[in-house]
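> coords please:
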Amino acid sequence: MAAPEGAAAVVGLLNKVMKYAVGLGITASALQTSLYTVDGGERAVIFDRFRGVLSEVVGEGTHFRIPWVQTPNIMEIRTRPRTINSTTGTKDLQMVNMSLRILSRPSEERLPWIFKSLGTDWEERVLPSIGNEVVKAVVAQYNAEQLLTQREKVSRAVRESLLARSADFGIVLEDVAITHLSFGAEFTKAVEQKQVAEQDAERAKFVVMKAEQERNAAIIRAEGESEAARLISDATKQFGPGLIELRRIEAAKDIADTMSKSRNVIYLPSSGNMLLGLNPGSQ
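Just a heads-up that it's a prediction; the model follows:
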């Protein structure tokens, strides 16, 4: 009798344990489905089956929700980079290729509206279209040469226009920069030809200036020589040929001084006797 009663007690205990285990499992499952976690750099937008998208934005941490009734939609609010490439025409009908680097994030206060209107892929839906629209509108106001010489002004105009357009969609732009700017082959060739022509013009201008300076120098030199000749002529008329003789002596002195310093000069007696002093007996 003891054995059947012990077996019945064990079976009863197992049934109780199973009931408790099932209850704990159901409770744990319900608790798990009632909790959700929002990581750092993210926010949650709650969709309620009876009230729709709730206007309250849920911050970071672990939160409760009503299972089956409420569904959390996680959205990232970190700043993300994106490059937009656009090909458009300038005011003087030159084709230009421009690349923009944009740092963007969704406005936290408008996340419910963004989720309802644009979805979680708001970046793909909005930025390429408004980026190309703004680039085409701004570039059309400038000539091709102005895009090169006034790049900072063009970049500022693109940034201000993009800030205004993105604000309509609840998007915050942290930075907008022009990273690439290039023109068509014909315009590039024309710019190179213009640079070559400007260099040739500058070179010709220098040659003309050099010739002008040389002409002025020649005139000044000739005037100086004429003035010197006039002064010598006047001095000769007034004092006789003494001045010419003085200049001749000065020139001879300079020549003699120069020749005395040369090793290739040999002095000979004026009588022509090169053996002078070598035959004493002949005296």
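> helices along the stretch 51-200 of the chain, start to end?
Applying DSSP state H, counting those that start in this stretch to the stretch 51-200 of the chain gives helices spanning 111-117, 122-139, 144-149, 151-167, 185-239.
> closest one to residue 81 among those helices?
Closest of these to residue 81 is helix 122-139, at 10.5 Å (criterion: Cβ to Cβ). Every C-beta, even on glycine, is put in place using the N, C-alpha and C of the backbone.
> pull up the distance across stretch 88-108, start to finish.
The straight-line separation of the ends of stretch 88-108 (Cα to Cα, to the nearest Å) is 34 Å.
> now do that stretch: distance to the chain's middle.
15 Å (Cα atoms, centre = their mean, to the nearest Å).
> that stretch: which residues count as buried?
90, 94, 96, 98, 100, 102, 104-106 (16 or more other Cβ atoms under 10 Å).
> sorry, back to before: for residue 56, find the nearest of the helices of the stretch 51-200 of the chain.
Among the helices of the stretch 51-200 of the chain, helix 111-117 sits nearest to residue 56 (Cβ to Cβ), with 8.0 Å.
> show me what counts as buried in that closest one.
So helix 111-117, judged by 16+ other Cβ under 10 Å, has buried residues 111-115.
> okay, now the unreliable bits of the protein?
1-32, 188-192, 196, 239-244, 263-283 (pLDDT under 70).
> spatially central residue for it, please.
Nearest to the mean C-alpha position of the chain, counting by Cα atoms, centre = their mean, stands residue 179 at 6.8 Å.
> what's near enough to touch it?
Residue 179 is in contact with 83, 99-101, counting by Cβ atoms under 8 Å, 6 or more residues apart in numbering.
> can you redo the residues you listed as CSV with distance to residue 142?
Output for the contacts of residue 179, formatted as CSV (distance: Cβ to Cβ, whole Å):
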residue, distance to residue 142
83, 22
99, 17
100, 16
101, 20
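> could you dump the helices of the stretch 51-200 of the chain into JSON lines with distance to residue 262 added?
Formatted as JSON lines, the helices of the stretch 51-200 of the chain follow (distance: least, Cβ to Cβ, whole Å):
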{"stretch": "helix 111-117", "distance to residue 262": "98"}
{"stretch": "helix 122-139", "distance to residue 262": "77"}
{"stretch": "helix 144-149", "distance to residue 262": "64"}
{"stretch": "helix 151-167", "distance to residue 262": "68"}
{"stretch": "helix 185-239", "distance to residue 262": "30"}
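> quick one on the thing from earlier: return the subset of the buried residues of stretch 88-108 lying in strands.
96, 98, 100, 102, 104-106 (DSSP state E).
> re earlier: so which of the helices of the stretch 51-200 of the chain is nearest residue 41?
In terms of Cβ to Cβ, the element of the helices of the stretch 51-200 of the chain nearest to residue 41 is helix 111-117, at 13.2 Å.
> and that closest one, what other elements does it pack with?
Under the contact definition 3 or more Cβ pairs under 8 Å, 6 or more residues apart in numbering; DSSP states H and E, helix 111-117 sits against strand 42-48, strand 52-58, strand 70-76.
> what are the contacting residues of it?
Residues outside helix 111-117 that contact it (Cβ under 8 Å, 6+ apart): 43, 45, 53-57, 73, 75, 77, 106-107, 122, 169-170.
> can you pull the contacts of residue 137?
Taking Cβ under 8 Å, 6+ apart, we find residue 137 in contact with residue 161.
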